[in-house]
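Asker: Sequence plus predicted model, see below.
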Amino acid sequence: MEKLGAGDPQRIGAYRLLARLGAGGMGQVYLARSDRGRTVAVKLVRQELAEQEEFRARFRQEVQAARRVGGYWTAPVLDADTEAAIPWVATGYVAGPSLQAVVGHDHGALPERSVRILAAGLAHALKDIHAAGLIHRDLKPSNVLVTIDGPRVIDFGIARALETVTDGGLTRTGALVGSPGFMAPEQVRGDRITPACDVFCLGSILSYAATGDLPFGTANSGVHALMFRIAQEEPDLEGVPEGIADLVHQCLRKDPASRPTLDDILERTGAEDTVADGRSRDPWLPGMLVAQLGRHAVQLLDTEDPEDRESSEEGSAGGPELSSPPPPLPVPSPGAPPQTPQPLARPAF
């Protein structure tokens with residue numbers, strides 16, 4: 001999380017920006033707060049993308065579909081303006097580190113029970129995403145956020161809008177969407193994408209979570225070599241606990257039709273009885289990670305609203321104060337999924 005810079009806007013739609021959360025291929029992500037006090041993540045599309053009508057059309061379509069995703073295992077799309085000069089979308093904020101940060105930096109490989117509950121949570125999330133007619137296409141550790149209650153999946157569907165990005169005047173429709181280490185073979189080959197693509201990516205995530213290593217290696221020898229291994233070679237599952245190794249191997253089958261279904265995964269993880277309504281009934285993470293999540297929550301509470309801070313400073317110096325409250329937040333779309341109270345609530349991109 002970084003402070004806002006001189007070039008950052010102060011507000012986007014009905015949301016006051018608090019800090020920068022990061023940036024990706026589509027745009028900048030901000031921590032923001034609604035006028036009613038709800039903390040959200042707002043993604044502002046890059047200007048060069050906003051100027052491409054084909055991108056806008058796809059972005060509009062994907063946002064509309066993403067707003068239909070319900071359930072407890074994703075960060076919901078709450079608001080958007082796809083017609084603004086610079087389009088944006090606001091999603092529920094989940095105050096927790098990404099799985100990539102947890103495994104790659106903070107803790108290392110997770111114990112088998114944690115991986116089982118991770119698998120169940122991801123399967124639940126993908127069922128909700130697929131039920132809305134979407135395929136995630138870019139499921140990877142940085143798009144899985146870790147909370148006390150269980151994992152949350154972000155950035156679903158909308159990444160597909162990048163397929164329309166033009167490069168040198170040539171439209172890259174059908175271009176690969178995904179991250180090299182976690183792409184499915186059919187993505188690498190440019191074949192038709194089905195929901196089974198997400199099952200392959202789920203298998204790669206489970207292998208990574210259980211070992212700290214990617215099942216097909218890294219791109220150190222080149223992205224093309226990595227993609228060849230994904231498309232042609234067997235995964236390296238050394239270190240994956242025996243209790244889940246067979247399931248992970250089946251998720252990573254080259255033939256999409258031979259991969260297990262999401263219901264199969266839920267049954268075979270044995271974690272179905274431990275999760276309900278988007279929450280793990282028992283602690284699912286090592287103690288040090290639970291403590292880290294508490295620090296994330298404190299950091300969020302300590303994040304000041306820049307407008308409030310400036311007002312306080314001006315008031316203490318005898319300067320002017322805000323003369324009127326900001327306009328009320330528009331009522332969310334009827335299609336937005338219902339939310340349940342959660343002890344921690346980070347971005348959805």
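Answerer: Cool, got the structure. Every value quoted in this text rests on a predicted model; they were computed, and no experiment measured them.
Asker: now the residue lying closest to Ser258 once chain neighbours are set aside, what's its secondary structure?
Answerer: The shortest distance from Ser258 to any non-neighbouring residue, by Cβ to Cβ, 6 or more residues apart in numbering, is to Gln250 (7.6 Å). All C-beta spots, glycine's among them, are computed from the backbone N, C-alpha and C. On the three-state scheme (DSSP: H, G, I helix; E, B strand; the rest coil), Gln250 is labelled helix.
Asker: Longest helix in the chain, please.
Answerer: Using DSSP state H to define each element, the chain has its longest helix at helix 112-131.
Asker: What is the subsequent helix or strand relative to it?
Answerer: strand 144-147 (DSSP states H and E).
Asker: how about the next helix or strand along the chain from that following strand as PDB, C-alpha atoms only?
Answerer: Next helix or strand after strand 144-147 toward the C-terminus (DSSP H and E): strand 150-153. The C-alpha trace of strand 150-153 is given here as PDB (Å, rounded to 0.1, in the frame of the first residue of the first chain):
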ATOM      1  CA  GLY A 150     -10.600 -18.900   3.900                       C
ATOM      2  CA  PRO A 151      -9.400 -17.900   0.400                       C
ATOM      3  CA  ARG A 152     -11.100 -15.300  -1.800                       C
ATOM      4  CA  VAL A 153     -10.700 -15.200  -5.600                       C
END
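Asker: Which residues does strand 150-153 contact?
Answerer: 73-75, 94, 96, 99, 117-118, 120-122, 125-126, 129, 136, 139, 143-145, 275, 278-280, 284, 346 (Cβ atoms under 8 Å, 6 or more residues apart in numbering).
Asker: and that strand, which residues are buried?
Answerer: Neighbour counts using 16 or more other Cβ atoms under 10 Å place Gly150, Pro151, Arg152, Val153 of strand 150-153 among the buried residues.
Asker: Is the second one bridged to anything, and to what?
Answerer: By that I understand Pro151. Residues in a beta bridge with Pro151, per DSSP bridges, are Val146.
Asker: Now the spatially most central residue of the chain. Its backbone dihedrals?
Answerer: Centroid-nearest residue in the chain: Ile154, 2.1 Å away (criterion: Cα atoms, centre = their mean). Here is the backbone geometry of Ile154 (degrees, to the nearest 10): phi -130, psi 170.
Asker: show me where pLDDT drops low in this protein?
Answerer: 157-178, 271-282, 296-297, 299-349 (pLDDT under 70).
Asker: One more pass at 50, please.
Answerer: Residues of the chain that meet the criterion pLDDT under 50 lie in 166-176, 311-349.
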